[in-house]
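Enquirer: build me a model from this:
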Amino acid sequence: MSVLDSLVPAFRDKVVQLLANCKAAGYEMQPTEGLRGPVEQGKLWRQSRTKAEVDAKIADLQAHGAAFLADCIIKAGPHNGDHVTNSIPGLSWHQWNEAVDCVWIVDGKEEWSINKLVQGKNGYHVYADEAQKLGLTAGGLWKSFKDWPHVQLHSAPSPAGDFSLQQINDTMKRRFS
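Expert: Numbering: from 1, shown residues only. Predicted coordinates for the structure are as follows:
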């Protein structure tokens, strides 16, 4: 199954067009992740947080009736690494099939640098600009935390703008239990 197969149809069609536009401009982008489960999201969120921050978030979620989301963070277990996300489980559009991450391919190899230039441009910058032209939201164009591989369908940073924490918890529990 392709990464794109997991995306909601309206978003998938735009991503297919995005990838074609990038390739036509001379910058190949390859999808690496679409749907991401809430436990995996918990791992990514935890890896740059202290034990105190993790414990506080778990307690807060439990106190607000989001036990499933709290359990996803617990099940993720301790992880170390770079800061890659601000989104706890359920609050990333990846869990809603409405986000994708892509890597830039240069000479057949994955290129993660946002500074490397080919034909005077960086592939992630082209990808973000082309995404914006299609009405998508590119993480590389966010004001604070830049997530260059990320593109999502919604302009809202997370589902929390559309749903209550309880609704998010219940939807994630239904979809991923």
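
Enquirer: what comes up buried for the top helix by length along the chain?
Expert: Of all segments of type helix in the chain, defined using DSSP state H, the longest is helix 9-24. By neighbour count with 16 or more other C-beta atoms under 10 Å, helix 9-24 contains the buried residues 11-12, 14-15, 18-19, 21-22. Any C-beta I mention is one placed from the backbone N, CA and C, and that applies to glycine too.

Enquirer: return the member of the residues you listed nearest to residue 88.
Expert: Distance to residue 88 across the buried residues of helix 9-24 (C-beta to C-beta) is lowest for residue 11, with 21.7 Å.

Enquirer: which phi and psi does the nearest residue to the closest one once chain neighbours are set aside have?
Expert: Using C-beta to C-beta, 6 or more residues apart in numbering and skipping the chain neighbours, the partner closest in space to residue 11 is residue 153 (4.3 Å). The phi/psi pair for residue 153 (degrees, to the nearest 10) reads phi -70, psi -40.

Enquirer: how many neighbours does residue 153 have?
Expert: Other residues near residue 153 come to 21 when the count uses other C-beta atoms under 10 Å.

Enquirer: tell me if I'm right that it and residue 18 touch.
Expert: No. Counting by C-beta atoms under 8 Å, residue 18 is not a contact partner of residue 153; they are 11.3 Å apart.

Enquirer: just the strands in this structure please.
Expert: Across the chain, reading from the start of the chain, the strands by DSSP state E fall at 28-33, 99-106, 109-111, 137-138, 150-152.

Enquirer: hey, which of those is tucked in deepest?
Expert: Among those, the stretch with the highest mean neighbour count (mean count of other C-beta atoms under 10 Å) is strand 150-152, at a mean of 26.

Enquirer: what about the helices in this structure?
Expert: Using DSSP H, the helices assigned to the chain run over residues 9-24, 38-46, 51-63, 67-76, 123-133, 165-176.
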